[in-house]
Structures are given as structure tokens and as C-alpha cells.
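> structure here, sequence nowhere to be found:
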């Protein structure tokens with residue numbers, strides 16, 4: 001919970017009493033590597049704050065798996081629209097490593113909104129932050145090697161926690177091409 005408290009302290013509109021109150025609505029949950037938090041075409045039952053581990057959010061279509069983004073410590077997971085509207089999520093969320101989460105259910109979320117008016121303002125700020133994090137910044141880079149190098153430079157913790165298969169899917173680089181890039185990069189170090 002300490003990490004969650006530190007995260008909430010970034011928002012000046014929230015007092016220490018508010019932080020303790022907000023925290024009381026969240027429950028600790030553990031996901032093992034490979035466990036599913038949200039399954040594509042199912043309703044997202046909970047939202048979660050990640051206190052440890054790495055997860056991937058994506059979907060599967062006729063072209064195979066598409067990874068939209070990765071989440072790690074001090075980030076949120078779950079499909080917000082599915083959670084709020086209780087409609088099926090177009091995305092799945094899977095643990096890539098063992099994860100520790102703080103989860104909140106919709107009834108608890110709604111009670112929190114009713115009892116703490118500043119929660120709505122805080123949640124809007126968090127939601128904007130989440131939307132920005134969900135954009136894959138590497139899609140615009142046409143050179144696969146540059147895409148990989150930018151990913152490693154900007155997200156080293158995630159890069160070392162992920163398999164080359166997950167990195168290849170996320171960066172939309174054929175796996176064999178990524179392996180060649182890795183060999184070239186290591187050779188020139």
C-alpha cells in the first residue's frame with residue numbers, strides 16, 4: 001500500500017486522510033505469470049493499480065496477437081470503459097511476470113465516488129494519464145531497428161522483463177527480424 005499512497009500523494013487535491021480512505025476500498029491480489037486479469041470479450045470486473053510486476057494489454061484477431069501496451073509498477077490496468085459500462089472488453093490483460101495488484105470492484109468504486117467527492121476529480125486526472133500511456137509511441141517509427149532502440153532506451157525495465165516474442169509483437173517487428181537486430185546490436189557493443 002505504501003507505493004499506492006506515494007502515487008496518490010502526487011495529486012495535491014488529496015489529503016492524507018483521503019488517501020487512507022481511498023486505500024480502504026482496494027484489495028491486494030496476486031497474479032502469477034501467465035494469469036489473465038481481463039479476458040477479451042468478457043466484462044472487466046475490476047480495475048487495478050500495479051505494485052509489482054509487468055502486464056500486457058492487447059487483443060487477438062485474424063492477424064494474431066496485437067499488444068497495445070505494457071503496464072508495470074505504479075500504473076493502472078483493466079479496461080475502464082468495460083468496467084464502468086459493464087460491457088465486454090475488446091482487450092485482454094495478462095501477467096507477463098508475477099504481479100501484485102491493488103484491485104477495486106465496480107460497487108466499491110461507486111461507493112468511493114459517493115462518499116468522497118474529490119475521488120471523481122482525482123479519477124479524471126488518472127484517466128487522462130492512462131489514456132496517454134495507452135498510445136504506442138513506437139508505431140510511427142518506420143525503421144524496425146530504431147523502434148527497438150527507442151523502446152530499450154525509454155523502457156529498459158520493461159524490456160528486460162519481456163520475452164523477445166512479446167517485444168516483437170508490441171513493436172510490430174517480425175520475431176526473426178528482431179532477433180537479427182538484437183544480434184547486430186550486441187555485436188557492435
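Received the coordinates, thanks. Fair warning: this is a prediction, and the values are worked out from it, not measured in the lab.
> domain ranges for this structure?
2-133, 144-187 (automatic domain parsing).
> tell me the gap between the helix of greatest length in the chain and the middle of its chain.
In terms of residue count, the longest helix belonging to the chain (DSSP state H) is helix 118-133. A distance of 14 Å separates the centroid of the chain from that of helix 118-133, by C-alpha atoms, centre = their mean, to the nearest Å.
> quick one: the residue nearest the centre of the chain from residue 114, how far?
For the chain, residue 71 is the residue whose C-alpha lies nearest the centre (C-alpha atoms, centre = their mean; 2.8 Å). Applying C-beta to C-beta, to the nearest Å, the value for residue 71 to residue 114 is 28 Å. (C-beta placed from N, C-alpha, C; glycine too.)
> repeat for residue 164
47 Å.
> likewise residue 138?
For residue 138 relative to residue 114 (C-beta to C-beta), the value is 41 Å.
> of those two, who's got more company?
Each of residue 138 and residue 114 has its neighbours counted (other C-beta atoms under 10 Å); residue 138 has more, 18 against 9.
> name the element the more buried one belongs to?
Taking DSSP states H and E as the definition, one finds residue 138 inside no helix or strand.
> what pLDDT does it get?
Looking at residue 138, its pLDDT reads 77.
> so it makes contact with residue 145?
No: between residue 138 and residue 145 there is no contact under C-beta atoms under 8 Å: 11.7 Å.
> for this structure, which spans come out with low pLDDT?
Residues of the chain that meet the criterion pLDDT under 70 lie in 133, 187-189.
> and the helices in it?
Going by DSSP H, the chain shows helices at 2-8, 16-23, 80-85, 106-115, 118-133, 144-154, 156-161, 164-171, 175-187.
> and the gap between residue 179 and residue 37?
Using C-beta to C-beta, residue 179 is found at 29 Å from residue 37.
> which one of the two has more residues nearby?
A side-by-side neighbour count of residue 179 and residue 37, using other C-beta under 10 Å, places residue 37 first with 25 against 13.
> fine, thanks again, bye for now.
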